[in-house]
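Peer 1: Okay, predicted coordinates and the sequence, questions at the end:
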Amino acid sequence: MTPNAGRQYWDAEVILTRAAELHESSRNTAPYDADPLALTVFISCYNEAEYIIATIETVTDAARTAGLTYEILIIDDGSRDNSTHLVAEYIEAHPEENIVLRINRANKGLAQNYIDGAFLGCGKYYRLICGDNAEPEESILAVFETIGKADIIVPYYTSSEGKGLRRKMISSIYTSIVNFVTGNRLHYYNGLAVHLRYNVMRWHPNTRGFGFQADILCLLLDLGFTYVEVPVITIEQRRGGSNALNFRNFLSVAHTLFEISNRRISNRLYRRR
């Protein structure tokens, strides 16, 4: 059994005081040395009634197989279906699992929920997993088993079943642009990387849209944190595909590229000689 099993649900208006406590208590030590768990998994949920329970079970099976101590934080971002009811029933039926359900009163978006989850969790490492069960257990396990080998674990897709050719092309172009701007040589930037949770709290990006993963990843690489890439597969479960290709996400990507480029130029201009 993992610590704090069977914790109750948290409302969206809970005051986030944990971060201040962490900073105060860890001024003279590594800020994540005292974390009681190896991993906090944030599962995003927005109208995922069809997939959310399978996602939870996939994550718990992978974490157990990897031998990790873990907690699962599910943030429902204003679902209009019965996702929260299903999750609540699952938590009640599995009190031995360390699962927390947080229900947002208003939709905040994935990027903001990702940052909130880092402050709410207590694991040394932190990973986002989408609630659509697109990652098979073997893919999640491959990532989990690599935890501890570097500061950042960066998955990239060798196979994306159900992902259309147009989306694959756009992803490839996006990756090439980010690599060109930063000088990195990563395979993929939106593969749900594992970070030290403290790093997400300390250096979380200003980006609030689709490009937040690339933004924080590039920022941490600029700061010298180490990384390991892990090849995985993904299987699109949602009928009709993803809604990733929309105007808001294109604006977010443009903003992300601007932020990355601006930071790159600033680093070169003001780097100590």
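Peer 2: Happy to help now that I have it. Here the structure is a predicted model, which means the values were calculated and not measured.

Peer 1: all strands of the stretch 51-200 of the chain, in order?
Peer 2: Secondary structure of the stretch 51-200 of the chain (DSSP state E, counting those that start in this stretch): strands at 70-76, 99-103, 123-130, 152-161, 194-196.

Peer 1: Adding mean pLDDT and distance to residue 83, write those out as JSON lines.
Peer 2: Just so you know, the C-beta spots here come from the backbone N, C-alpha and C atoms, and that holds for glycine as well. Converted to JSON lines, those look like this (pLDDT from 0 to 100; distance: least, C-beta to C-beta, whole Å):
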{"stretch": "strand 70-76", "mean pLDDT": "98", "distance to residue 83": "6"}
{"stretch": "strand 99-103", "mean pLDDT": "97", "distance to residue 83": "10"}
{"stretch": "strand 123-130", "mean pLDDT": "97", "distance to residue 83": "13"}
{"stretch": "strand 152-161", "mean pLDDT": "92", "distance to residue 83": "24"}
{"stretch": "strand 194-196", "mean pLDDT": "98", "distance to residue 83": "25"}
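
Peer 1: Residue 77 and residue 48: what is the separation?
Peer 2: 10 Å (C-beta to C-beta, to the nearest Å).

Peer 1: Show me which of the two is the more surrounded one.
Peer 2: residue 48 (26 against 22; other C-beta atoms under 10 Å).

Peer 1: if we can go back for a sec, tell me the most buried of the strands of the stretch 51-200 of the chain?
Peer 2: Comparing the strands of the stretch 51-200 of the chain by mean neighbour count (mean count of other C-beta atoms under 10 Å), strand 70-76 comes out on top with a mean of 26.

Peer 1: in its sheet, what does that one sit against?
Peer 2: strand 37-45 (parallel), strand 99-103 (parallel) (DSSP bridges).

Peer 1: Contacts for that strand, please.
Peer 2: The contact list for strand 70-76, computed with C-beta atoms under 8 Å, 6 or more residues apart in numbering, reads 2, 4, 37-46, 52, 56, 59-60, 63, 83-84, 87, 97-104, 113, 116-117, 120-123, 131.

Peer 1: Got a ChimeraX select line for the buried ones in those residues?
Peer 2: Buried members of the contacts of strand 70-76, defined by 16 or more other C-beta atoms under 10 Å, are picked up in ChimeraX with:
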select :2,37,38,39,40,41,42,43,44,45,46,52,56,59,60,63,83,84,87,97,98,99,100,101,102,103,104,113,116,117,120,121,122,123,131
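
Peer 1: So what's the residue count around the nearest residue to residue 185 once chain neighbours are set aside?
Peer 2: Nearest residue to residue 185, sequence neighbours excluded (C-beta to C-beta, 6 or more residues apart in numbering): residue 179, at 6.0 Å. The number of residues packed near residue 179 is 15, by other C-beta under 10 Å.

Peer 1: What distance do you get for residue 179 to residue 189?
Peer 2: 9 Å.

Peer 1: Now do the helices in this protein.
Peer 2: 18-25, 52-66, 83-93, 110-120, 137-144, 165-182, 197-203, 212-222, 247-270 (DSSP state H).

Peer 1: still on that earlier bit, quick one, which of the strands paired with strand 70-76 is nearest to residue 232?
Peer 2: The closest of the strands paired with strand 70-76 to residue 232 is strand 37-45. By C-beta to C-beta, the value is 15.5 Å.
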